[in-house]
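Q: Curious how this folds, go ahead:
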Amino acid sequence: MFKPEPFVTRLTFEASDRPEAQEARARLVERYGDAGEAEAQAIVALGGDGFMLETVHRRMESGKPIYGMNRGSVGFLMNEYSEDGLLDRINAAEKAVIHPLRMTAQDIRGETHVALAFNEVSLLRQTRQTAKLRISVDGKVRLGELQCDGALVATPAGSTAYNLSAHGPIIPLDAKILALTPISAFRPRRWRGALLAHTAKVAFDVLEADKRPVSAVADNFEVRDVTHVNVAEDRSVSITMLFDAGRSLEERVLAEQFSV
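A: Numbering: from 1, shown residues only. Below is the predicted model:
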């Protein structure tokens, strides 16, 4: 028998350090109360996209949906800010279930670092010299040497962020595709990247790592002086984000492709 989802009545609020976010939190708590993380049925994040990603990383183990309202500079992942009818908006919201990338990076000291990225994993040159990367997909070398400022692997949710700035493709949220995008490629100059199945396992080998150091960044987690980086989707981990009815993440990604 079908069971309707329980009506959300208990919220907890988190805010970035920006004064407008802190002030908004105080007003919302006064109006709706704060049940605390343990008792809340949903988390309301107040800030910009960067704070939303921070909240996603901090709260993903709770399994509770996150509803963002924009009190920052960039708000692609956020809903419009309004203090009225918040419970109705949350209960009518459309869900987007996001799976992260898992980055496993080895540095020049032989240490291994693991982190999750809901937007992208980026490899970036650390000095004035270009990076030299060898790229393999599912164990097969696809590009023996890429000279560049870096490269990234982006999820569909993250395809409108750094990936788009690097001239990578915008990916529909349900496409089950990852974007592999170079950052300022010098050679081969014509290579514009690739679209990969979401099951693909991407490996980067840093060539001349001692001379041309490279860092690896999973969302906001950075590892310096890496020599080898593996990237793959981790479907054992998920987060649910809530978007106002008619303004779903799928709709935003689609609309972005027609923006001028």
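
Q: I'd guess residue 122 is in a helix, am I close?
A: No - counting by DSSP: H, G, I helix; E, B strand; the rest coil, residue 122 is located in no helix; its state is strand.

Q: Residue 132 versus that one, what's the distance?
A: 16 Å (CB to CB, to the nearest Å). (Each C-beta comes from the backbone N, C-alpha and C, glycine too.)

Q: likewise residue 174?
A: Taken as CB to CB, the span from residue 174 to residue 132 is 36 Å.

Q: Looking at those two, which has the bigger crowd around it?
A: Neighbours per residue (other CB atoms under 10 Å) separate residue 174 from residue 132, with residue 132 holding more: 20 against 10.

Q: residue contacts, the spatially closest residue to residue 162 that is not a sequence neighbour?
A: Leaving aside its chain neighbours, residue 162 sits nearest to residue 120 (5.5 Å; criterion: CB to CB, 6 or more residues apart in numbering). Neighbour list for residue 120: 101, 152-155, 158, 161-163, 219 [criterion: CB atoms under 8 Å, 6 or more residues apart in numbering].

Q: Repeat that for residue 210.
A: With CB under 8 Å, 6+ apart, residue 210 has these contacts: residue 108.

Q: and it, what element?
A: Per DSSP states H and E, residue 210 falls between elements, in no helix or strand.

Q: looking at the sheet around the residue nearest to residue 162, what are its partners?
A: On the basis of DSSP bridges, residue 120 takes part in beta bridges with residue 154.

Q: Quick check on the residue lying closest to residue 157 once chain neighbours are set aside: phi, psi?
A: Spatial nearest neighbour of residue 157, excluding adjacent residues (CB to CB, 6+ apart): residue 98 at 5.1 Å. With angles defined as degrees, to the nearest 10, residue 98 sits at phi -110, psi 140.

Q: tell me the pLDDT at residue 98?
A: Residue 98 is assigned a pLDDT of 90 by the prediction.

Q: dump the residue contacts of it.
A: With CB under 8 Å, 6+ apart, residue 98 has these contacts: 56, 118, 155, 157, 238-241.

Q: Can you go through the residues you listed and name the buried ones?
A: The neighbour-count criterion (16 or more other CB atoms under 10 Å) marks 56, 118, 155, 157, 239-241 among these as buried.

Q: I'd like the list of those residues that fall within strands, please.
A: 239-241 (DSSP state E).
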